[in-house]
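Student: Quick check, what structure comes out for this input:
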Amino acid sequence: MTLCCNFNSVLVQMLQDIRYALRGFRNNPGFTVVAVMMLAVGIGVNTTVFTVTNAMLFSGYPRLDPNGRILYISTQNQNTGRGAGIFFLDYQYWRSHAKSFVDMAIVTNGGLRIRFADRAGDLPDNYDATELSTNTFRMLGQTPILGRDFDSSDEAPGAPPVTILNYRLWANRYGKNPAVIGQTVRINNVPTLVIGVMGPDFEFPHHRVDMWLPLSPARAPLGAAIGTTAEIFQNRRLRFNGATVFGRLANGFTVQQARADMDALANQLAIAYPETNQDLVARVRTFSETVGPDADLTYKAMWGAVGFVLLIVCANLANLMLARANGRTREVSLRIALGAGRRRIVRQLLIESVVLSALGGGIGLAVAIWGVRAYERFAVPPTSYVQWVYPMDYRVFAYLLAITVVTGLLFGLAPALRFSKLDVNTRLKEGGRGSMGGRRGKYLSAVLVIGEMALAVVLLAGAGVMIRSFINIYMANRGMQTDKILTADVRLSTEQYPGREARLTFFDGLKNTLEALPGVESVSFTDGLPGAFASQVSFESGDTPAVDEKHRASASMVAISPGYFRTLGAVLLSGRTLTEADGTSGNPIALVIAVSPGPIV
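Tutor: Residues are numbered from 1 along each chain as shown. Just a heads-up that it's a prediction; the model follows:
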């Protein structure tokens with residue numbers, strides 16, 4: 001009973017302190033507006049950056065895995081550190097033996113270009129498709145909004161080809177007509193049955209996918225990097241170089257346990273199949289770890305920078321509160337003289353600062369909502385591989401609440417401590433004239449100013465380094481001229497152009513046609529634009545060849561046509577460029593060159 005009464009008494013006193021604080025802010029609107037706006041900016045910017053960081057580093061795949069329970073599994077050579085592709089038989093072994101996963105699925109990398117037509121004889125359109133195991137959608141907890149999901153019968157020998165459409169394709173091409181279910185379309189001129197349509201928010205493995213196809217061992221995979229043979233499902237020497245395995249973590253298991261589990265399975269496979277798996281290790285990553293090697297450092301650096309901004313706001317407000325306290329010394333002295341305990345005075349002053357911080361936090365939430373929308377609109381390009389979403393989930397609101405309370409306590413602590421040591425007799429005799437804290441008050445104010453300046457210098461130095469780095473990257477010598485270069489993506493059908501000669505004939509004709517256009521000076525072809533993806537190859541150098549792959553060096557490689565460097569406006573510093581005669585003898589030609597920017601010659 002005594003404990004309950006004491007709690008009610010404290011609660012009543014706190015409510016009285018809150019009303020008193022609000023009344024004081026209303027009587028001093030100038031100070032209140034300035035303080036609240038400063039807090040709104042500081043708290044709002046911090047919440048904005050945390051919301052983005054939370055989505056990138058602390059959450060799972062957007063919309064599909066908010067709790068980060070889906071892990072991504074790949075293989076790499078433990079000696080070279082390079083990705084090694086995935087054996088389909090290894091994936092089956094993992095799926096049946098892994099204890100830390102509820103289930104696993106496999107998906108080929110998106111961007112598989114297919115030709116799509118509604119009827120035979122129609123001019124086909126190009127779309128992006130992805131092949132995946134038939135259990136993928138169930139493992140992700142997703143179901144089609146129309147039609148049915150893939151099932152095991154769709155990958156059985158003799159099963160008719162089927163597809164599930166993306167909502168965007170269904171809406172744009174068929175006007176959301178449900179009659180599309182059961183319709184036979186032609187994918188790469190193969191009759192294929194449409195069995196389902198996914199929801200509007202479902203984008204996997206990325207937003208560019210227009211349709212999904214079952215990855216079936218019964219027929220050749222469209223996205224296989226090695227030929228178009230179904231042998232890749234049974235041969236341990238053939239790998240899916242463009243595939244990813246992902247699994248849902250079982251309840252009670254951690255990421256570290258999943259990694260230990262997969263390490264054990266990789267060791268078992270290495271012992272059983274030393275010729276193909278001896279140096280292979282399983283790499284288990286969370287979604288945030290797949291974003292990029294520098295993402296963790298980049299976003300945490302942003303978070304730290306805005307944290308400094310909030311500390312500067314706290315220092316500013318602490319000085320403002322100290323200055324405001326000078327006019328309240330007689331008021332506080334009278335309250336102490338009338339019997340108010342110093343602890344009650346400190347509590348009331350801290351509640352004032354927390355209430356002020358809460359007002360700023362409320363407006364800061366609106367600032368954060370606007371900031372996240374602005375970041376999503378301007379900082380993330382529409383061509384991004386993943387269409388990010390930045391939800392304000394429980395982590396964001398917990399962070400907002402925490403920094404609001406802590407900020408209020410930080411900037412309210414200085415005046416509260418000064419009032420706790422107030423000499424009541426002296427202040428009452430002086431009638432409230434003069435500075436509240438004397439030398440100590442001035443010393444504390446000076447320390448706050450010095451700390452504020454130090455934080456500002458750190459921020460300015462960091463901003464200067466970032467700006468300088470950006471300018472250096474922007475002005476970097478790329479070894480080519482880009483102001484008058486246009487690019488286009490050309491993909492040829494393996495049915496119309498089945499062999500190398502047919503493809504070369506097509507590109508020769510295209511080259512002649514383009515060079516005949518007015519204003520075109522040079523045309524060339526490559527399988528990878530500068531700065532984009534390039535194939536990784538291993539090579540031997542020196543007089544003594546390497547015994548095995550782990551002792552070979554690696555390099556990035558792109559295939560180019562003669563005239564490539566002339567089109568880029570690059571000048572060779574040494575060696576020579578390719579000519580039309582190179583490669584005609586059947587001997588492969590490789591150029592290791594250094595170039596510098598210059599006029600087209």
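Student: C-alpha only now, for contacts and for neighbours.
Tutor: Will do.
Student: tell me the mean pLDDT over stretch 44-61?
Tutor: Averaged over stretch 44-61, pLDDT sits at 85.
Student: roughly how far is it from the heart of the chain?
Tutor: Relative to its chain's centre, stretch 44-61 lies at 10 Å (C-alpha atoms, centre = their mean, to the nearest Å).
Student: got the end-to-end distance for that stretch?
Tutor: One end of stretch 44-61 sits 25 Å from the other (C-alpha to C-alpha, to the nearest Å).
Student: So what touches it?
Tutor: 62, 65-70, 286-289, 291, 295-296, 299-300, 302-303, 306-307, 310, 361, 363-369, 371-372, 388-392, 395-396, 399-400 (C-alpha atoms under 8 Å, 6 or more residues apart in numbering).
Student: cool, stretch 79-97 as well?
Tutor: So stretch 79-97 is contacted by 74-77, 103-106, 232-234, 236-245, 262, 265, 269, 279-280, 550 (C-alpha under 8 Å, 6+ apart).
Student: Can you select the buried ones among those residues for me in PyMOL?
Tutor: Per 16 or more other C-alpha atoms under 10 Å, the buried members of these correspond to this PyMOL selection:
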select buried, resi 74+75+76+77+103+104+105+106+232+233+236+238+239+240+241+243+244+245+262+265+269+279+280+550
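Student: Now intersect the contacts of stretch 79-97 with the strands, please.
Tutor: Ser74, Thr75, Gln76, Asn77, Asp103, Met104, Ala105, Ile106, Ala243, Thr244, Val245, Leu280 (DSSP state E).
Student: Can you tell me the closest non-neighbouring residue to the fourth one?
Tutor: Taking C-alpha to C-alpha, 6 or more residues apart in numbering as the measure, Asn77 lies nearest to Leu280, with 4.8 Å between them; neighbours along the chain are not counted.
Student: any idea how far that neighbour lies from Arg503?
Tutor: Note on Leu280: its distance to Arg503, by C-alpha to C-alpha, is 36 Å.
Student: Same check on Pro518?
Tutor: Distance, Pro518 to Arg503, using C-alpha to C-alpha: 25 Å.
Student: Those two: which is more packed in?
Tutor: Arg503 (16 against 7; other C-alpha atoms under 10 Å).
Student: does that one really touch Tyr497, like I thought?
Tutor: Yes - with contacts counted by C-alpha atoms under 8 Å, Arg503 reaches Tyr497, the gap being 5.7 Å.
Student: Can you verify His207 is assigned to a strand?
Tutor: No - the assignment for His207 is coil, going by DSSP: H, G, I helix; E, B strand; the rest coil, so no strand is present there.
Student: I'd like to know how many residues surround it.
Tutor: 19.
Student: how much space between it and Asn166?
Tutor: Distance from His207 to Asn166, counting by C-alpha to C-alpha: 9 Å.
Student: next one: Ile232
Tutor: Counting by C-alpha to C-alpha, the separation of Ile232 from Asn166 is 27 Å.
Student: any idea whether Lys99 is helix, strand or coil?
Tutor: Under the three-state scheme (three-state DSSP), Lys99 adopts coil.
Student: The stretch 101-250 of the chain: helices as residue ranges?
Tutor: Taking DSSP state H, counting those that start in this stretch as the criterion, the stretch 101-250 of the chain carries its helices at 136-140, 167-174.
Student: low-confidence ranges in the stretch 301-450 of the chain?
Tutor: For the stretch 301-450 of the chain, the stretches flagged by pLDDT under 70 are 325-342, 379-387, 417-450.
Student: Apply 80 and report the result again.
Tutor: Applying pLDDT under 80 to the stretch 301-450 of the chain picks out residues 301-306, 308-309, 311-312, 314-349, 377-389, 413-450.
Student: any chance you could map the helices in it?
Tutor: Along the stretch 301-450 of the chain, the segments classed as helices by DSSP H, counting those that start in this stretch run 329-337, 342-378, 394-420, 424-430, 438-474.
Student: sorry, back to before: of the contacts of stretch 44-61, buried ones?
Tutor: When the contacts of stretch 44-61 are checked for burial by 16+ other C-alpha under 10 Å, the buried set is 62, 68-70, 286-289, 295, 299, 303, 306-307, 310, 361, 363-365, 367-369, 371-372, 388-392, 396, 400.
Student: how many neighbours does Ser153 have?
Tutor: Number of residues near Ser153 (other C-alpha under 10 Å) recorded here: 11.
Student: got the contact list for it?
Tutor: Ala159.
Student: Tell me the confidence at it?
Tutor: 89.
Student: Could you check how far it is from Ile145?
Tutor: For Ser153, the distance to Ile145 - C-alpha to C-alpha - is 20 Å.
Student: do the same with Tyr167
Tutor: In terms of C-alpha to C-alpha, Tyr167 sits 9 Å off from Ile145.
Student: Then Gln268?
Tutor: Distance from Gln268 to Ile145, by C-alpha to C-alpha: 41 Å.
Student: Then Leu400?
Tutor: 36 Å.
Student: now do Arg173
Tutor: Using C-alpha to C-alpha, Arg173 is found at 17 Å from Ile145.
Student: Repeat that for Pro205.
Tutor: Counting by C-alpha to C-alpha - Pro205 and Ile145 are separated by 18 Å.
Student: Ile187 now?
Tutor: Ile187 is 22 Å from Ile145, where distance means C-alpha to C-alpha.
Student: What segments of the stretch 101-250 of the chain are strands?
Tutor: 101-108, 112-117, 125-132, 146-147, 162-165, 184-187, 190-197, 211-214, 243-249 (DSSP state E, counting those that start in this stretch).
Student: contacts for the shortest one?
Tutor: Outside strand 146-147, the residues that touch it by C-alpha under 8 Å, 6+ apart are Pro178, Ile181, Ile195, Gly196, Val197, Met198.
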